[in-house]
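Asks: coordinates only, no sequence provided:
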């Protein structure tokens with residue numbers, strides 16, 4: 001009776017391990033495809049500001 005918890009802990013450990021493996025796989029695949037880690041919470045506003053910043057930097061470099 002003392003090892004009854006192990007009967008439930010083993011499948012939970014396997015599930016948790018596979019979740020960690022899949023999360024890391026997504027991270028490394030995204031990093032390999034895009035060259036940088038994915039930004040968490042990067043919404044349309046942040047994308048628009050990135051485009052604006054890139055445009056301003058390109059304009060300042062081309063004018064000088």
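Replies: Alright, I've got the coordinates. As the structure is a prediction and not an experimental result, all values here were calculated from the model.

Asks: pLDDT below threshold where in the chain?
Replies: Residue ranges of the chain with pLDDT under 70: 1.

Asks: apply 90 and report the result again.
Replies: Within the chain, the segments meeting pLDDT under 90 span 1-8, 34-42, 62-64.

Asks: show me the strands in it, by range?
Replies: In the chain, no segments count as strands under DSSP state E.

Asks: for it, what spans make up the helices?
Replies: Using DSSP state H, the helices of the chain run over residues 4-34, 44-63.

Asks: from what I see, residue 31 and residue 25 are in contact.
Replies: No. The criterion here is C-beta atoms under 8 Å, and residue 31 misses it with residue 25 at 10.8 Å. From N, CA and C alone the C-beta is placed, and that goes for glycine too.

Asks: before we move on, the earlier item: mind putting the helices of the chain into TSV with mean neighbour count?
Replies: Formatted as TSV, those follow (neighbours: other C-beta atoms under 10 Å):
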stretch	mean neighbour count
helix 4-34	10
helix 44-63	9
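
Asks: residues contacting stretch 28-41, please?
Replies: Here stretch 28-41 makes contact (C-beta atoms under 8 Å, 6 or more residues apart in numbering) with 27, 46.

Asks: just the endpoints, please. Distance across that stretch?
Replies: Counting by C-alpha to C-alpha, to the nearest Å, you get 18 Å between the two ends of stretch 28-41.

Asks: how close does residue 12 sit to residue 39?
Replies: Distance from residue 12 to residue 39, counting by C-beta to C-beta, to the nearest Å: 31 Å.
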